[in-house]
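> Sequence isn't available, so here's the structure alone:
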């Protein structure tokens, strides 16, 4: 479909920078003539700029597509993680879903089986995903809009969080570093996340395997024995690291390890139903 090809073109330009028609043809599998027509349409929409035989994202477009690109990365793992996380959602709870692409998949899973809930979030796509559902109240906290993560952060967000309490916090992770701390790419995101961790009875971290062993500039908080972690795969090295804390096991899945494993490739947890 043309819209899918547009996404591929934008993804490629976001990841690799300026590209020629031949580059984009190879990346999408479309003919050079088709790519030229697509670039004309994308330029007319303000998404790209063309110059001397190449194309690049227009100013600001990279920020706009960042969340969408990350949402498509490791999608099967994120859906499997969301399926396990959904087991920790119960009618009548007050939960918080932080801004992230894996928590967004949990919101989509909740939409498939709505129940009486109060869901607070700082993520605009999550609030939109859950809007209009019967018996479900959505609270979107205020703050400075950060388009890279479709999130609301800053002083207003922190003041709102300080006045709220949640039964369960579902939070993503930009990185889980070798020092067993969570890290974020943005200082305001890190401060908001750190505050969220103090405002819930239970905390469940949703992080696919690509987040392990990474480092980012801003420290959020250490993993702790009170933390529950849902991931898709656990290497032996990381299994040992997590066992040393230990991270709390919420639901035994597969081997009795201090991590909830949700790996679609091994059949531990596998959601085959498409999420609309």
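Alright, I've got the coordinates. On a predicted model such as this, the values are computed, not experimentally measured, just so you know. Numbers count the residues shown, from 1 in each chain.
> Torsion angles phi and psi at the most centrally placed residue in the chain?
Centroid-nearest residue in the chain, with Cα atoms, centre = their mean: residue 101, separated by 1.9 Å. Torsion angles at residue 101 (phi, psi; degrees, to the nearest 10) stand at phi -80, psi -30.
> Quick check: closest non-adjacent residue to it.
Distances taken as Cβ to Cβ, 6 or more residues apart in numbering place residue 71 nearest to residue 101, at 4.4 Å, with adjacent residues excluded. Heads up, the C-betas are built off the backbone N, CA and C, glycines and all.
> which residues touch the residue nearest to the centre of the chain?
With contacts defined as Cβ atoms under 8 Å, 6 or more residues apart in numbering, residue 101 is in contact with 67, 70-71, 73, 78, 172.
> wait, doesn't residue 91 sit right on residue 118?
No. Applying Cβ atoms under 8 Å as the test, residue 91 and residue 118 come out as separate, 10.9 Å apart.
> and these two? which has more neighbours close in?
Neighbour totals were compared for residue 91 and residue 118, and residue 118 leads with 16 against 9 (other Cβ atoms under 10 Å).
> measure that one to residue 155 for me?
24 Å (Cβ to Cβ, to the nearest Å).
> same check, this time on residue 50
41 Å.
> Which one of these two is surrounded by more residues?
residue 50 (15 against 12).
> Give me the helices and strands touching the host helix or strand of that one, please.
Residue 50 is part of strand 48-51 when elements are defined by DSSP states H and E. In terms of contacts (3 or more Cβ pairs under 8 Å, 6 or more residues apart in numbering; DSSP states H and E), strand 48-51 is packed against helix 2-16, helix 32-44, strand 54-57.
> Give me the three-state assignment for the nearest residue to residue 204 once chain neighbours are set aside.
Distances taken as Cβ to Cβ, 6+ apart place residue 228 nearest to residue 204, at 4.6 Å, with adjacent residues excluded. Three-state call for residue 228 (DSSP: H, G, I helix; E, B strand; the rest coil): strand.
> got a pLDDT number for residue 228?
Listed pLDDT for residue 228 reads 90.
> thought it was touching residue 203?
Yes. Applying Cβ under 8 Å as the test, residue 228 and residue 203 come out as touching, 6.7 Å apart.
> thinking again about what came up before, if I look at the residue nearest to residue 204, how far off is residue 54?
47 Å.
> So those two - more neighbours on which side?
The neighbour comparison of residue 228 against residue 54 (other Cβ under 10 Å) goes to residue 228, with 21 against 16.
> That one pairs with what?
residue 204, residue 248 (DSSP bridges).
> ok, residue 153 - contacts?
Per Cβ under 8 Å, 6+ apart, neighbours of residue 153: 122, 143-144, 146, 186, 188-189, 191-192.
> CSV for those, including distance to residue 130?
Listed next are the contacts of residue 153 as CSV, based on distance: Cβ to Cβ, whole Å:
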residue, distance to residue 130
122, 13
143, 18
144, 22
146, 20
186, 24
188, 24
189, 21
191, 25
192, 19
